[in-house]
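A.B. asks: give me a 3D structure for the following:
(2 chains)
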There are 2 protein chains.
Amino acid sequence: MALNPNYEQIGKGFVQQYYGLFDGDRSTRTNLVNFYSETKSLMTFEGQQIMGRVKIMEKLQGLTFTNIQHSISAVDAQPTFDGGVLVMVLGQLKTDEDPPHTFNQVFVLKPLGDSFYIEHDIFRLAFHV
Amino acid sequence: MALNPNYEQIGKGFVQQYYGLFDGDRSTRTNLVNFYSETKSLMTFEGQQIMGRVKIMEKLQGLTFTNIQHSISAVDAQPTFDGGVLVMVLGQLKTDEDPPHTFNQVFVLKPLGDSFYIEHDIFRLAFHV
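C.D. replies: Coordinates of the predicted model:
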């Protein structure tokens, strides 16, 4: 498989879709499960390593906030040599009444049929040292 | 090829080596060329897309500062399913007399003989919006 020439569009479309579901209500967020694979998805969430869609969704659904809003500052996408897309996201998130926090998230998307799944997902809040 | 069980050590060792060379003098920085491939290395530097070791080194050597110092706050590594390592770095950098800036950098390292080269490199300064 070769470089996908639509990597930019795929990366930006994914980001819009992913955070759109994330920022919805609890039942909308449930649909994030469709982005992950049980055997091929790795997540590192604030240093905690999680594998597989079931445990990843447990983590995401267990986060203790009622409302969340992501604002995206930058999305950088690169095509990978096996037809996937590497995406780096920089933004701010705001939960409930907390002040906004800068966050960084990286995804590696891999093709699956007509769509893509998340093979790698790394999330970090950027606290200012 | 399968998941490399040493991904954590590879990622952290790489980060130490890479920024160690970067923070040296101009001639030390020249050695960064050895991490990149002419045909298989993609860099996105503050949104600018660059391909191949020659152009990547032109970019890095053309940055206008005399001294630079990276301080690393977090390194997250994941093994990729083709024997590589995905690395996300969060830190601060200080050039000359400028105030420190938060930066984010992502690398995908791929095996090459006994070592690794950088297939993907995305760099962003995190300006606070």
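A.B. asks: what number of residues are in the vicinity of residue A:106?
C.D. replies: The number of residues packed near residue A:106 is 24, by other Cβ atoms under 10 Å in any protein chain shown. C-beta: built from backbone N, CA, C; applies to glycine.
A.B. asks: ok, the residue lying closest to it once chain neighbours are set aside - contacts?
C.D. replies: The shortest distance from residue A:106 to any non-neighbouring residue, by Cβ to Cβ, 6 or more residues apart in numbering or on different chains, is to residue A:122 (4.6 Å). Each residue near residue A:122 by Cβ atoms under 8 Å, 6 or more residues apart in numbering or on different chains is listed here: A:43-44, A:105-106, B:76, B:78, B:86, B:88.
A.B. asks: inside strands: which ones of those residues?
C.D. replies: A:43-44, A:105-106, B:76, B:78, B:86, B:88 (DSSP state E).
A.B. asks: which of the residues you listed lies closest to residue B:14?
C.D. replies: Here the nearest of these to residue B:14, counting by Cβ to Cβ, is residue B:86; it sits at 11.3 Å.
A.B. asks: which one of the ones in strands among the contacts of residue A:122 is nearest residue A:69?
C.D. replies: Among these, and counting by Cβ to Cβ, the member closest to residue A:69 is residue A:105, at 14.8 Å.
A.B. asks: isn't that closest one right up against residue A:89?
C.D. replies: Yes - with contact defined as Cβ atoms under 8 Å, residue A:105 counts as touching residue A:89 (4.6 Å).
A.B. asks: surely residue A:57 and residue A:32 touch.
C.D. replies: Yes - with contact defined as Cβ under 8 Å, residue A:57 counts as touching residue A:32 (6.9 Å).
A.B. asks: which one's the longest helix in chain A?
C.D. replies: For chain A, the longest helix by residue count, based on DSSP state H, is helix A:7-22.
A.B. asks: what helices or strands is the worst-scoring helix or strand of chain A on mean pLDDT leaning on?
C.D. replies: Of all helical and strand segments in chain A, the minimum by mean pLDDT, DSSP states H and E falls on helix A:26-29, at a mean of 87. The helices and strands touching helix A:26-29, judged by 3 or more Cβ pairs under 8 Å, 6 or more residues apart in numbering or on different chains; DSSP states H and E, are helix A:7-22, helix A:53-61.
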